[in-house]
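> quick one: sequence and predicted model below, then my questions.
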Amino acid sequence: MKRFIVYTLEIIILFVIQSATFHYFRLADVMPNLLLILVVSTAHMRGRMTGMIMGFVTGILVDLMFASYIIGLYALLFLVIGYLAGFTNKVYSNDDYTLPIILIGIGDLVYGFFYYIFEFLLRGRLNFLFYFRRLIIPEVIYTIAVSVLLYKLLHMINNRLERKTEEEVQN
Amino acid sequence: MRRRTKLNINPKHVLIALVIFCIGLIIFSFRYGEKLSPVKNAVGIVVTPMQTGINYVGSLLADWTDNFRSISELLEENERLKEQVDVLSYQNKLLLQDKYELDGLRELYELDQKYLDYPKVAARVISKDPNNWYNVFQIDKGSRDGIKVNMNVLAGSGLAGIITEVHYNYSVVRSIIDDNSSVSGMFLKTSDTCMVKGDLQLMDDNKIRVEMISKDAAINDGDEIVTSHISPNFLQGILIGYVSDVTLDASTMTKSAYLTPVVDFKRLEEVLIITELKEPLID
């Protein structure tokens, strides 16, 4: 139950920060994708099921606030990314900070690529290289940079929750 | 001792169920988009106040970092601005005289002051699309302030966008530089019409594409483009920007050009909404 509340708070706080504040801190005109960091790192730490549901809830929230025509696209993207990232839970190690960051980078790359296909390629914008160079790559780099800090924070929260659960079991 | 009973569901099955649900939702929203509006409204009512608060903190931080600009730079700027004030106030006097003359002539010709006195309401930009691909933003006025879909949004002296969605306490604005946007424009000088289309590839240069200009339109770089009389949604005569790089299309039937908008979309904080809608065509 506590876990559920913490996750909900994480989603809402990151969502609000992402949509309201981060355009003050844009570099090269892109914003880091905080929600993706959250989904991928949670999936990596907790496994497929949590990652998937987290991704779904986050995506639905973004859809409801921002998508004007099609609802469900973000949810689908985040859902699949969360699920796939959950597979890496098998190689999760408590003090490995490199692998999750690489995973987040790959996740953002996949996200950007599919986003381009759904929203731009289908409208006949064929210049993939431009979008790749101008939007996807800077976003990935910025996201990775932010994730170095954010992953540590999320990892700390997760460890604390884990410890609580263990204590409960022992009592 | 109580261990949480582990529900034994294969994640694969949940994945399939959720994917089907998402696809269903996409199809449903594509088909009957407006039915989901109440849900969006509810989410907005919860999240918007939080965004407003955070946004306030964000702009404070941004202001604070701006303060680090060196004092000498500011003094220099002050000097220059003072000079400019002198020049401008002189020019202003001349212009005022011209205006009085113009007013007199207008009355003589019984011209309407067509677009000078649209009723306007001010709003604050509270958040941007959390995505780098679009230029859609939200403002803190909604249906309770009398905002309606398709109202025109101005910033400073030019057109910024159009309202695409209205909720109880916020609305969504699509800016004219958005990839999906297209506005019917007109050259102020020659009354040639054209289409002003946002393009993501040109956003870096702070430009928009202008298409469908008649091939014998006598236009030059720097000419003003305003919203045209034939646009279904935009009120007539709002300044959009200045044209540059006019080229003849490959088809040799039309010309294209680039347009620099008068609105600075990178630093958009406050906007004005014209609370008058263009009269719809009714059979």
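Perfect, I can see it now.

> the helix or strand that contains residue A:80 close to chain B?
Using DSSP states H and E, residue A:80 sits in helix A:73-86. Yes. Helix A:73-86 is in contact with chain B by Cβ under 8 Å from any Cβ of the partner chain, via A:73, A:75-76, A:79-80, A:83, A:86. For every residue, glycine as well, the C-beta is placed using N, CA and C.

> just the buried residues of those residues.
Buried members of these, counted by 16 or more other Cβ atoms under 10 Å in any protein chain shown: A:73, A:75-76, A:79-80, A:83, A:86.

> report the beta-bridge partners for residue B:256.
residue B:247 (DSSP bridges).

> pLDDT-wise, what's the bottom of the buried ones among the residues of helix A:73-86 next to chain B?
Within those, the minimum per-residue pLDDT falls on residue A:73 (83).

> buried residues, the helix or strand containing residue B:49. List them.
Assigned by DSSP H and E, residue B:49 falls within helix B:37-66. Burial within helix B:37-66, assessed by neighbour count using 16+ other Cβ under 10 Å, is assigned to B:40-41, B:43-44, B:47-48, B:50-52, B:54-55, B:58-59.

> tell me the mean pLDDT over it?
On average, helix B:37-66 scores 73.

> can that helix be said to contact chain A?
Yes. Among the residues of helix B:37-66, B:39-40, B:43-44, B:47, B:50-52, B:54-55, B:57-59, B:61-62 lie within reach of chain A under Cβ under 8 Å from any Cβ.

> before we move on, the earlier item: may I ask which two of the buried ones among the residues of helix A:73-86 next to chain B are separated the most?
A:73 and A:86 (20.6 Å; Cβ to Cβ).

> start and end of stretch B:219-236, how far apart?
End-to-end distance of stretch B:219-236: 20 Å, with Cα to Cα, to the nearest Å as the criterion.

> now find how far off-centre that stretch is within its chain.
15 Å (Cα atoms, centre = their mean, to the nearest Å).

> hmm, that stretch in reach of chain A?
No. On the criterion Cβ under 8 Å from any Cβ, stretch B:219-236 is out of touch with chain A, staying 15.3 Å away.

> what residues sit buried inside that stretch?
Buried residues in stretch B:219-236 (16+ other Cβ under 10 Å): B:219, B:223-228, B:231, B:233-235.

> before we move on, what about stretch A:100-116?
Buried residues in stretch A:100-116, counting neighbours by 16+ other Cβ under 10 Å, are found at A:100-101, A:103-112, A:114-116.

> and the residues you listed, which is closest to residue B:191?
When the buried residues of stretch A:100-116 are compared against residue B:191 (criterion: Cβ to Cβ), the nearest one is residue A:116, at 39.4 Å.

> point out the least confident one among the buried residues of stretch A:100-116.
Out of these, that is residue A:115, at 83.

> dump the residue contacts of residue B:246.
B:213, B:219-221, B:255-257 (Cβ atoms under 8 Å, 6 or more residues apart in numbering or on different chains).

> now do 10 Å
Residues in contact with residue B:246 (Cβ atoms under 10 Å, 6 or more residues apart in numbering or on different chains) are B:210, B:213, B:217, B:219-221, B:223, B:255-258.

> pretty sure residue A:46 contacts residue A:7?
Yes. Between residue A:46 and residue A:7 there is a contact under Cβ atoms under 10 Å: 9.3 Å.

> anything in contact with each of these two?
Common neighbours of residue A:46 and residue A:7 (Cβ under 10 Å, 6+ apart) are A:53-54, A:161.

> now those residues in CSV, with neighbour count and secondary structure?
Output for the shared contacts of residue A:46 and residue A:7, formatted as CSV (neighbours: other Cβ atoms under 10 Å in any protein chain shown; DSSP: H, G, I helix; E, B strand; the rest coil):
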residue, neighbour count, secondary structure
A:53, 21, helix
A:54, 27, helix
A:161, 16, helix
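
> just checking, residue B:192 touches residue B:255?
Yes. The criterion here is Cβ under 10 Å, and residue B:192 meets it with residue B:255 at 9.3 Å.

> need the overlap of contacts for the two.
B:212-214, B:216-217, B:219.

> out of those residues, who's nearest chain A?
Using Cβ to the nearest Cβ, the shortest approach to chain A within those belongs to residue B:212, at 17.7 Å.

> report how many residues lie close to the closest residue in space to that closest one that isn't next to it in sequence.
Closest residue to residue B:212 apart from its sequence neighbours, by Cβ to Cβ, 6 or more residues apart in numbering or on different chains: residue B:195 at 4.7 Å. Using other Cβ atoms under 10 Å in any protein chain shown, residue B:195 has 17 other residues around it.

> right, and the helix or strand after the helix or strand hosting residue B:195?
Counting by DSSP H and E, the element that carries residue B:195 is strand B:193-197. Next in sequence after strand B:193-197, counting helices and strands by DSSP H and E, comes strand B:208-214.

> so what strands line up beside that following strand?
strand B:193-197 (antiparallel), strand B:254-261 (antiparallel).

> can you name the element that comes right after it?
strand B:224-227.

> who are the packing partners of that following strand?
strand B:158-166, strand B:182-187, strand B:193-197, strand B:208-214, strand B:239-248, strand B:254-261 (3 or more Cβ pairs under 10 Å, 6 or more residues apart in numbering or on different chains; DSSP states H and E).

> in CSV: those, plus mean pLDDT.
Below are the helices and strands packed on strand B:224-227 laid out as CSV (pLDDT from 0 to 100):
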stretch, mean pLDDT
strand B:158-166, 89
strand B:182-187, 88
strand B:193-197, 89
strand B:208-214, 87
strand B:239-248, 88
strand B:254-261, 89
